[in-house]
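A.B. asks: Here is my input, please return the structure:
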Amino acid sequence: MKGSRIALLLALSLLGTHAFAEESQAKTQTTKTPVEAYTYGSKLDINKVITISDVPNECGPVSAQMTYEDSQGQRHVLQYQVMGNGCSNG
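C.D. replies: So this is what the prediction gives:
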């Protein structure tokens, strides 16, 4: 009797976790911030940098992204070009 109660509780908790994960993933996809492309002369309002992507080990220009918040608290994702880390001076 006690074993069946534990099994039932475990099954219900797994179903709840699965439903929560699906709901969380749906919210993440609907609130995705659009990527803005940087151009020379863009007026940026950067109040707080949240993340900056890693620069690949390639020799030449590569894309990078920065996620930041502006002075109004709005989140932005900025895509820009940087020189890769794979070039050597030798």
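A.B. asks: And the helices in the protein?
C.D. replies: 2-30 (DSSP state H).
A.B. asks: got any ranges where it has weak pLDDT?
C.D. replies: 1-31, 89-90 (pLDDT under 70).
A.B. asks: Kindly recompute the last result at 80.
C.D. replies: In the prediction, the chain carries residues with pLDDT under 80 at positions 1-31, 88-90.
A.B. asks: Domain-wise, how is it divided?
C.D. replies: Using automatic domain parsing, the domain ranges for the chain come out as 1-32, 33-90.
A.B. asks: Now residue 53. Its backbone dihedrals?
C.D. replies: Main-chain torsions, residue 53, degrees, to the nearest 10: phi -70, psi 160.
A.B. asks: looking at it, it is touching residue 64, isn't it?
C.D. replies: Yes: with contact defined as Cβ atoms under 8 Å, residue 53 and residue 64 form a contacting pair (5.0 Å). The way it works is simple: take the backbone N, C-alpha and C, and place the C-beta from them, glycine included.
A.B. asks: The two: who's more crowded?
C.D. replies: Under the criterion of other Cβ atoms under 10 Å, the comparison of residue 53 against residue 64 puts residue 64 first, with 18 against 15.
A.B. asks: who are the neighbours in contact with the more buried one?
C.D. replies: Each residue near residue 64 by Cβ atoms under 8 Å, 6 or more residues apart in numbering is listed here: 52, 53, 55, 79, 80, 81, 82.
A.B. asks: Quick one, which of the residues you listed are buried?
C.D. replies: Buried members of the contacts of residue 64, scored by 16 or more other Cβ atoms under 10 Å: none.
A.B. asks: Which of these fall in strands?
C.D. replies: The strands, defined by DSSP state E, take in 52, 79, 80, 81, 82 from the contacts of residue 64.
A.B. asks: tell me how far the ends of stretch 38-52 are from each other?
C.D. replies: Using Cα to Cα, to the nearest Å, one end of stretch 38-52 lies 14 Å from the other.
A.B. asks: circling back: just the closest of the contacts of residue 64 to residue 35, please.
C.D. replies: Of all the contacts of residue 64, residue 35 sits closest to residue 79, with 5.1 Å by Cβ to Cβ.
A.B. asks: and that closest one, what are its bridge partners?
C.D. replies: Per DSSP bridges, the residues bridged to residue 79 are residue 37, residue 65.
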